[in-house]
Every structure is written in structure tokens, then in C-alpha cells.
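In: A structural model of the following input is requested.
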Amino acid sequence: MSDSNMPTASGKEKTETLNQQPQRSVWQKLKGTCTRDRALQIGVSLGALVIVAIHLWRPNIQIDTVTVILLVVSALPWAQAWVKSIELPGVKLELRELRNRVAQAQEAADGASQQAVFALTATGTIGQLGGKRVLWVDDMPQNNEHGIKALQAQRIDVATSKSTQEALEQVQKRKFDVIITDQLRYEDGVRKDEAGYELIHRLQERGVKAPVILSTARPDREETHRRGFYGTATSQEGVFELVMRVIQGA
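Out: A predicted model of the protein is given here:
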């Protein structure tokens, strides 16, 4: 069928089609731009406009410093696309680069955490300690993430317990080469300031010979030595070094 014989739309249909297309595109554009950030910008700016309107309606009302600051803040989000920076005496505010710098700072922090783990693992013989087991007792094991990863990088099997009773149950089931315990723990909702001392005492009662390391911010080295701890550490790095010393027989 040739083009001349193709059915054509009526004038009314053409008009409706032309009218509908711009409406859809405008709606889609509004829908795409109405993000949370844009809504916040609009809200702040409308608030500032209300303040200005009140002042024009009642000129006797003075605009104080807070109001001026609000007006400036409301204008900054709209000016960000065109203004790169604002120069003040001794201060340079980078508007367009601020978000990038925040992202870079976050990446740097994540990188520093990874480097800390690598620095810890570098103190031992990586990959040659498979088969060794460590029990780390702490009611908040997530706080020891870097230390645990450093030990696991040495192929050391690390088990965790959140209470003295749970640790004793694990010791009955498996043999551990080193046991790490914190001093302060909450067990069953009860604060125990000497949970580490209690654990080593109960381990000794059961004849457990594995060296026990106390992780605490305020170590009493004389007391911990008297109670039979292998050593004390105030950081995850210190714990790692003591564990490596035990396992490597230093």
C-alpha cells in the first residue's frame, strides 16, 4: 500500500495528539525533578519568601540577623549550580565541590580501616597458621571486627561468645589455642565489671590450659598476672600481637 493510500488522522485527532504530547512531557519532567532534595529546596525557599512577605506587609518589623541568615541559606541551594565558591575573609566555601569532598573523606576512612587490617596481618606469617583456634569473648563482638579479620587473614579460626556461660559451653565442645576476653560485660541485662576475672577463674576450675588474654582499656597488669592471664591489651592491634606471640611460641 502506498503512502498516498494510507489512512490519515482527522484534524481533531491531530489537535488532540499535539495537545497531549506536551502535557505528558511536562508531567514527566516535573515528576523527574521532584526529588527529595528539590522538595527541601522549595520548602526552605518558600519559608524565606513568607518572611519577606511579612516584612513587606508590616515594614515596622525589623529583619534580624537570623532572618538574613535564613534568606542566604534558602538562596544557596539554587545558586549551587552556577556559583562554584564564595569568598569570605579567611574562608572559602566550595559549594559545588563540597559533596565530592565528603565522599572522598568517606572513601579515605574506609581505606584507612582496610589498611589497619593489612598492617595487623603484616606482623605475622600470613596463611601459615591454619588449624589454630581462637575464642573471643565480648558482649559486643562487632567492636572487634578489624581484629577478627586480621586473625582470619592468618587462616586462624575465630569463634565468638557474648557471655561467660556461652564461652564455657564452647570450651567444652572444642579446644582453643587462645582465649580472649573483655573485662566489662553485660550478661542477661546485668553489668559485670569483672567478667574477665570471672571467666578465667571458671576456666581454671575446669582445668582449661589455653592462654587467656584480657582486653581492657584500664589494665591492672599486676593483678592480671596474679590471676593467671597470659597478657593484657588495650587495643585490637595489641590483642593480635599477643595472639600471634602465643601461637608462634614466642
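
In: So, low pLDDT: which residues of this protein?
Out: Low-confidence segments of the chain (pLDDT under 70): 1-41, 44, 55, 58-129, 250.

In: Would you mark the buried spots in stretch 154-167?
Out: For stretch 154-167, burial by neighbour count (16 or more other Cβ atoms under 10 Å) applies to 154, 156-161, 163-164, 167. Every residue, glycine included, has its C-beta placed from N, CA and C.

In: OK, contacts around E166?
Out: Counting by Cβ atoms under 8 Å, 6 or more residues apart in numbering, E166 touches V137.

In: I'd like the distance between it and P141.
Out: Going from E166 to P141 by Cβ to Cβ, to the nearest Å gives 11 Å.

In: shared neighbours, those two?
Out: With Cβ under 8 Å, 6+ apart applied, the contact sets of E166 and P141 do not overlap.

In: Which of the three states applies to Y186?
Out: Look at Y186: counting by DSSP: H, G, I helix; E, B strand; the rest coil, its state is strand.

In: That one: what's its closest spatial neighbour, skipping adjacent residues?
Out: What sits nearest to Y186 in space, not counting adjacent residues and going by Cβ to Cβ, 6 or more residues apart in numbering, is D139, at 5.4 Å.

In: And R245, by the same measure?
Out: With Cβ to Cβ, 6+ apart as the criterion, R245 has its nearest non-adjacent residue at 8.0 Å, and that residue is G231.

In: Quickly note the distance from the one you found to A195.
Out: According to Cβ to Cβ, G231 stands 18 Å off from A195.

In: ok, those two, which is more surrounded?
Out: Neighbour count, other Cβ atoms under 10 Å: between G231 and A195, A195 has more, with 22 against 19.

In: what comes into contact with stretch 223-241?
Out: Taking Cβ under 8 Å, 6+ apart as the rule, stretch 223-241 contacts 116, 119-120, 123-124, 144, 146-147, 150-151, 178, 180, 197, 200-201, 204, 211-217, 219, 221, 242, 245-246.

In: Next, count neighbours for E222.
Out: The number of residues packed near E222 is 8, by other Cβ under 10 Å.

In: Now it: which helix or strand?
Out: In this assignment (DSSP states H and E), E222 forms part of helix 221-227.

In: List the neighbouring strands of the helix or strand that comes right after that helix plus their orientation.
Out: Counting by DSSP H and E, the next helix or strand C-terminal to helix 221-227 is strand 231-233. Looking at strand 231-233 with DSSP bridges, its partner strands are strand 212-215 (parallel).

In: Touching the partner strand from outside, list them.
Out: 138, 178-183, 196, 199-200, 203, 224, 228-234, 236, 238-239, 242-243, 246.

In: can you rerun that using 6 Å?
Out: Strand 212-215 has contacts (Cβ atoms under 6 Å, 6 or more residues apart in numbering) with 179-180, 182, 196, 200, 224, 229-233, 239, 242.

In: Pull out the buried positions in it.
Out: Neighbour-count burial for strand 212-215, counted by 16+ other Cβ under 10 Å, picks out 212-215.

In: Nearest to W57 among these?
Out: Distance ranking of those against W57, using Cβ to Cβ, places S215 first at 65.7 Å.

In: Grab the nearest non-local neighbour of S161.
Out: Nearest non-adjacent residue to S161, counting by Cβ to Cβ, 6+ apart: A167, 4.0 Å away.

In: I'd guessed the one you found sits against K173; true?
Out: No. At 11.0 Å, A167 does not count as touching K173 under the criterion of Cβ atoms under 6 Å.

In: Closest one to A48 out of the buried residues of stretch 154-167, please.
Out: Here the nearest of those to A48, counting by Cβ to Cβ, is T160; it sits at 53.0 Å.

In: so that closest one sits in a strand?
Out: Yes. Per three-state DSSP, T160 lies within a strand segment.

In: can you give me the helices for the protein?
Out: Listed in chain order, the helices found in the chain under DSSP state H are 11-33, 36-57, 65-79, 98-121, 145-153, 164-173, 195-205, 221-227, 236-247.
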